[in-house]
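Student: Just the structure for this:
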Amino acid sequence: MFSPEYKLAMIAEYENAPNGEKGAVLRREGLYSSHIIEWTRARDAGALASGPTESATPAKRAKKTAEQVELEKLRRRNEKLESDLKKTRMALDIMGKAHALLEELSESAANDDPPRMS
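Tutor: Predicted coordinates:
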């Protein structure tokens with residue numbers, strides 16, 4: 001579907017884009033982040049062979065060591081866990097506020113006199 005040259009060009013553009021603009025690159029090209037992930041893995045494994053573009057790529061990017069790959073994986077996992085923790089803390093804060101509101105409503109309802117029948 002996509003040529004190896006295109007894949008390598010998109011990987012390079014995506015990796016060189018500032019963090020706030022990576023999504024814009026994907027939207028402009030009609031791609032998903034999974035495309036970039038898959039293509040990057042293929043490139044790193046040497047499966048994205050092409051003509052002149054590939055010969056220029058190894059000079060720009062050296063093969064990562066196992067420690068570097070693991071470090072990147074752990075950093076991504078840490079970011080995800082920090083994001084999950086932040087969401088959990090916000091949810092707990094909302095639950096606490098909802099609990100306090102319900103207690104306040106319950107106390108005010110208990111203090112109100114029942115309606116009188118005439």
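
Student: looking at this structure, which helix or strand is least sure?
Tutor: helix 52-60 (a mean of 46; mean pLDDT, DSSP states H and E).

Student: Now the element after that helix, going C-ward?
Tutor: Downstream of helix 52-60, the next assigned helix or strand under DSSP states H and E is helix 66-111.

Student: That next one - what's its average pLDDT?
Tutor: Averaged over helix 66-111, pLDDT sits at 93.

Student: Just give me how far it sits from the chain centre.
Tutor: 17 Å (C-alpha atoms, centre = their mean, to the nearest Å).

Student: do stretch 21-37 as well
Tutor: Relative to its chain's centre, stretch 21-37 lies at 12 Å (C-alpha atoms, centre = their mean).

Student: May I have the distance across that stretch, first residue to last?
Tutor: This stretch, stretch 21-37, spans 17 Å end to end (C-alpha to C-alpha, to the nearest Å).

Student: contacting residues around it?
Tutor: M10, I11, E13, Y14, A17 (C-beta atoms under 8 Å, 6 or more residues apart in numbering). C-beta: built from backbone N, CA, C; applies to glycine.

Student: Please repeat the previous calculation with a cut-off of 10 Å.
Tutor: 2, 6-7, 9-11, 13-18, 38-39 (C-beta atoms under 10 Å, 6 or more residues apart in numbering).
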